[in-house]
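A.B. asks: Sharing a model prediction with you, sequence too.
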Amino acid sequence: MPYGYCGNILHVNLSEQKYWIENPGEKFYRKYWGGRSIGLYYMLKEMKPKTEVFSPENILIFATSVVVGSKAPMINRYTVCAKSPLTNAQGEAEAGGYWGPELKKAGFDAVVIKGIAEKPVYLFIKDGQVEIRNAQHLWGKGTLETQNLLREECDDSKIRIAQIGPAGENLVYFANIVNELHHFNGRNGLGAVMGSKKLKAIVVRGSNNIQEHFPEKVREITKKITARVMKNPLSRDLREQGTVAVIDGARKAGWLPTRNWSDNHFEESEKISAEEYHKKIFEKNGTCYACPIACKRLARSNDVSLKINPELGGPEYESLVSLGPLCGVSDLDYIAKANQLCNQYAVDTISMGMTIAFAMQCYEEGLLTKSDTGGINLKFGNKKAVLELIEKIVYQEGIGKLLSRGSLRTSENIGKQSKKFVHQVKGQEVPMHDPRVKTGVGLQYALSDYGADHMKAAHDTFFTDEESWGLQETAGLGILEAVEVTDIGPKKVGLFKKLDLLWSLFDILGVCDFGYVPRSVGTLEELLELIRAITGWKVTWYELMKLSERSINMARTFNIREGLTAKEDSLPEVFFRNFKGGILDGTGAIDKEKFKEAIKLRYQMMGWDSQNGIPSTGKLAELGLEWLIL
Ligand code: SF4
């Protein structure tokens, strides 16, 4: 009997309205484990190169892992993979919440979806039983209404639902998938892939607990970690302030992304401090399955006309900045409202904020006019215009149709000088962390297979102090020395190779980055013990690092197959220029040549060809990926 996993992978062909169950066996699970690794396996095996994103042949995979669904803390995430409309490359997005563990309880480790349904459908999966059900009556509905209708229809308030909103249905290139209304598979537009398949939702419900090999051990370690949550400053801060606290660091240090990155100093930033947030719009903490930290923020507003519903979540750091200062907006109630609109339509707040901010800058520069915007005054700071544009983008009205393809494609359409206002990597808009003050984050933006993403590795700030929790607790991975935040030499490249391996591993296993070292309370020793206790496998860190490296090489191979080259491993020009204004004025530019050298060095460290970043035959063979040798 398998421990930790179910041994069942559900395959669904929506064109044929058929499903079947694969039982891949222990060797498969020990090689690929879960998450992005299982997603990439099916994308590489079963999708032809250059498949059209919205065609029936694009494969949408929902994958948990061999350890998700146990009682172990902060191991609850699942990954969605498909070819992304935004990047035309490997698409990937992780979400916490409750859906992943429930899928396991319902008897499946992953769901692999092909084809396109003739009419909208949803999948209903309960204790090993699968139904493809009509969803015509749900099409067009927001996420809250859909959840309510499905609970009523299934006569079960405990079903867990991964769903798309109108953004996914309308093929907005940065649409999300969401479970429990505020846990998002954000970024990469995978909600649009789901929408193209006319799949509104996947409903799961299960009553079978995951079998753990040593349940006593899992309980013992869980108790130990839980008891430390309020003692460890990192997890305590996450519980008390969530990621919102990052905004205070950014504004005080002078790198707060403002007005589409044209500025790094927002004169009204005090109005959106963590303190103001908690005074003004914080309702309560939210959490995920088996998590004692509960870092999520649920928002409210005293302005009843805005109709803010805490059930739909609240802005975290990324949303707060991208829908706030990045658009020149400082009104917390309006930022909460913009965030809520994005959540009820299930669309990515980073790409949404970035695309609106881009349009605002084009308007300020005269590249867009009122006749383009349908009469909307798109000046920075117009908080009502942000709300209007969200609606227009989701429903593809007027200028919204153009913007719904993201800032890069919009700029290709506008032409003129607009390209210089686009800040993206591989077509995906950059998140709200400035690589000029954390060069390792810049390396990860550039090298990420799925476009700029701040969750691709831990950030530089955890490794600048020899006494830090990060450095103390990751020595076993060979991380032994502090490195300056702005260093871009071999030490930084080596550090971020290791961190990429660690965080890609988290994404395979479904481990929350906010639960374990270096970002939080759980140690790597405890994580390894938990993995062993759940699976019963005699796992080592060597095996886990190779597992992670395998997934990185699979993603790289997929993208090369799709035509991506080393040219795409770059940063937006804005980061090679000095900061303007504030305390960092005239400083900060990343040296472009040194950055290029760093990328080449990283290729070498990965065993890839140093000019083009192509995995060598030897590397693929070493990782058991001989089936990918081109
Ligand atoms: S730390 Fe936050 S994101 Fe991570 S599992 Fe807990 S509530 Fe979810």
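C.D. replies: Received it, and whenever you're ready, just let me know what you need.

A.B. asks: Return the residues of the stretch 151-300 of the chain in contact with the ligand.
C.D. replies: Contacts of the stretch 151-300 of the chain with the ligand, taken as C-beta under 6 Å from any ligand atom, map to 238, 287-288, 291, 293-296. All C-beta spots, glycine's among them, are computed from the backbone N, C-alpha and C.

A.B. asks: Of these, just the buried ones, ChimeraX syntax please.
C.D. replies: The buried subset of those, as determined by 16 or more other C-beta atoms under 10 Å, is captured in ChimeraX by this line:
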select :238,287,288,291,293,295,296
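
A.B. asks: which two in the residues of the stretch 151-300 of the chain next to the ligand are spaced the farthest apart?
C.D. replies: Distances among these were taken as C-beta to C-beta; the most separated pair is 238 and 288, at 12.1 Å.

A.B. asks: Within its local environment, how many residues does residue 472 see?
C.D. replies: 14 (other C-beta atoms under 10 Å).

A.B. asks: That one belongs to a helix, doesn't it?
C.D. replies: Yes. With DSSP: H, G, I helix; E, B strand; the rest coil as the criterion, residue 472 is located in a helix.

A.B. asks: how far out from the middle of the chain is the helix or strand that contains residue 251?
C.D. replies: Under the assignment given by DSSP states H and E, the secondary-structure element containing residue 251 is helix 246-253. The chain centroid and the centroid of helix 246-253 are separated by 22 Å, computed with C-alpha atoms, centre = their mean, to the nearest Å.

A.B. asks: CA-only coordinates of that helix in CSV, if you can.
C.D. replies: Coordinates of each C-alpha in helix 246-253 appear next as CSV, following Å, rounded to 0.1, in the frame of the first residue of the first chain:
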residue,chain,number,x,y,z
VAL,A,246,7.1,44.4,3.3
ILE,A,247,5.6,47.7,2.2
ASP,A,248,7.1,49.5,5.2
GLY,A,249,10.6,48.2,4.4
ALA,A,250,10.2,49.2,0.7
ARG,A,251,9.0,52.8,1.4
LYS,A,252,11.5,53.5,4.1
ALA,A,253,14.4,52.1,2.0
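
A.B. asks: In terms of secondary structure, what does it contact?
C.D. replies: Helix 246-253 is packed against helix 274-280, helix 317-322, with contacts defined by 3 or more C-beta pairs under 8 Å, 6 or more residues apart in numbering; DSSP states H and E.

A.B. asks: Please identify the buried residues of it?
C.D. replies: For helix 246-253, burial by neighbour count (16+ other C-beta under 10 Å) applies to 246-248, 250-251.

A.B. asks: Name the nearest of those relative to residue 419.
C.D. replies: Sorting those by distance to residue 419 puts residue 250 at the head of the list, at 26.3 Å, by C-beta to C-beta.

A.B. asks: That closest one against residue 266, yeah?
C.D. replies: No. With contact taken as C-beta atoms under 8 Å, residue 250 and residue 266 are classed as non-touching, separated by 9.4 Å.

A.B. asks: and residue 21, how many neighbours does it have?
C.D. replies: Other residues lying near residue 21 total 14 when counted by other C-beta under 10 Å.

A.B. asks: Tell me the pLDDT of the residue lying closest to it once chain neighbours are set aside.
C.D. replies: With C-beta to C-beta, 6 or more residues apart in numbering as the criterion, residue 21 has its nearest non-adjacent residue at 5.3 Å, and that residue is residue 8. The predicted structure scores residue 8 at 98 on the pLDDT scale.

A.B. asks: same check, this time on residue 404
C.D. replies: In this model, residue 404 is scored at 98, pLDDT.

A.B. asks: Can you give me the neighbour number for it?
C.D. replies: Burial of residue 404, expressed as a neighbour count using other C-beta under 10 Å, amounts to 27.

A.B. asks: My guess is it contacts residue 393. True?
C.D. replies: Yes. Residue 404 sits in contact with residue 393 when judged by C-beta under 8 Å, with a separation of 4.8 Å.

A.B. asks: so what sits against both of these two?
C.D. replies: residue 172 (C-beta atoms under 8 Å, 6 or more residues apart in numbering).
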